[in-house]
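Asker: Output the structure for:
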Amino acid sequence: MTKQEFRNLVKQRPVILDGATGSNLMKAGMPKGVCTEQWICENPKPLQELQKAYEKAGSQIVYAPTFSANCISLKNYGLENQVEELNKALIEISRTAVGNQMLVAGDLTTAGNQETSYEELLEAYREQILVQAREGIDLLVAETMLGVTECMAALDAAASVCSLPVMCTLTVESDGSLFFGGNIYEAVETLEEMGADAVGINCSTGPDQLLSVVENMRKRVNIPLIVKPNAGIPVINAQGQPVYSMEAREFTACMKHLVDAGADIIGGCCGTTPEYIQKLHDTFTL
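Answerer: Below is the predicted model of the structure:
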């Protein structure tokens, strides 16, 4: 996918992304504490069934489950030398699920450590993106980033190895502050200047808490704005599992306010399911 093709797609706003992956895989039996990427490679069926359901529900872009398949994060499991192997396998799993009629984004995320140097981030993302680009990914998404530096490194890494569109989303507090310091408003301005094709937020909180954040982001940038929030605030049940507070209908009603405020690309994060994406599709495309 070229950057111009991406711009043309977003003109048909809102573009609908997929919903949560991790919370749904846990429902399907993925144990806590395992390397998600390795588990999916060994158990591809739950992920493929989920992505097929997102396609059926109306997602236009599905995220390949390459989330933490970078050498920094994989080192926690002794898998830092399997970046190429895991990324290739995970992209193939998604392609098998949705075919070539749907856009598949190569997924990158935070290394989770403020002590990681920019050079380390740059090399880790470059290694991961190089594999993804070779495997024919349609675009890239840097998501659930905790600070702007991580997104900057991902953008620099992408520019050094490919010309694919890059979307960047950070996770924020309800006031727009970032977990690694600074705020989302300055961050999205910086990322637009660096050449990001779309910017915004994911995970964070429920859409009912994000109207002011979206309104103020919209004032800061001219590129497409992404909003992919959780299904509200979770509570932990007696079995130790998170239960999210917002049903699909309420989630969609709140998302409508965010689209009215300027969101161009929408989807769901933790706690959302294909039902949520179906509601978004029915609301915004019929």
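Asker: for the stretch 101-250 of the chain, what spans make up the helices?
Answerer: 118-134, 148-161, 184-194, 211-220, 248-260 (DSSP state H, counting those that start in this stretch).
Asker: Make a markdown table from these and add mean pLDDT, mean neighbour count and distance to residue 267 to it.
Answerer: Yep, even glycine has a C-beta here, placed from its N, CA and C like the rest. Formatted as a markdown table, the helices of the stretch 101-250 of the chain follow (pLDDT from 0 to 100; neighbours: other CB atoms under 10 Å; distance: least, CB to CB, whole Å):
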| stretch | mean pLDDT | mean neighbour count | distance to residue 267 |
| --- | --- | --- | --- |
| helix 118-134 | 98 | 20 | 20 |
| helix 148-161 | 98 | 22 | 18 |
| helix 184-194 | 98 | 20 | 17 |
| helix 211-220 | 98 | 17 | 14 |
| helix 248-260 | 98 | 19 | 9 |
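Asker: what's the nearest residue in space to residue 256 that is not next to it in sequence in contact with, if anything?
Answerer: The shortest distance from residue 256 to any non-neighbouring residue, by CB to CB, 6 or more residues apart in numbering, is to residue 283 (6.4 Å). Applying CB atoms under 8 Å, 6 or more residues apart in numbering, one finds that residue 283 lies in contact with 252, 255, 256.
Asker: Look up how far residue 91 lies from residue 283.
Answerer: According to CB to CB, to the nearest Å, residue 283 and residue 91 sit 30 Å apart.
Asker: any idea of the pLDDT on the residue located most distally from the centre of the chain?
Answerer: Most distant residue from the mean C-alpha position of the chain: residue 238, 29.3 Å away (CA atoms, centre = their mean). Turning to residue 238, the model gives it a pLDDT of 77.
Asker: ok, now which ones touch it?
Answerer: For residue 238, counting by CB under 8 Å, 6+ apart, there are no contacting residues.
Asker: which residue ranges form the strands in this structure?
Answerer: Assignment of strands within the chain using DSSP state E yields the ranges 15-16, 61-63, 103-109, 139-145, 166-170, 198-203, 225-229, 234-236, 242-244, 265-266.
Asker: could those be laid out in a markdown table, adding mean neighbour count and distance to residue 42?
Answerer: Formatted as a markdown table, these follow (neighbours: other CB atoms under 10 Å; distance: least, CB to CB, whole Å):
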| stretch | mean neighbour count | distance to residue 42 |
| --- | --- | --- |
| strand 15-16 | 22 | 30 |
| strand 61-63 | 25 | 19 |
| strand 103-109 | 26 | 19 |
| strand 139-145 | 27 | 23 |
| strand 166-170 | 30 | 28 |
| strand 198-203 | 27 | 26 |
| strand 225-229 | 29 | 27 |
| strand 234-236 | 12 | 27 |
| strand 242-244 | 16 | 24 |
| strand 265-266 | 26 | 32 |
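Asker: Out of these, which is closest to residue 73?
Answerer: Across the strands of the chain, the minimum distance to residue 73, taken as CB to CB, is reached by strand 103-109, at 7.6 Å.
Asker: just the angle between the closest one and strand 198-203, please?
Answerer: Following axes from the mean of the first three to the mean of the last three CA atoms, to 10 degrees, one obtains 70 degrees for the angle between strand 103-109 and strand 198-203.
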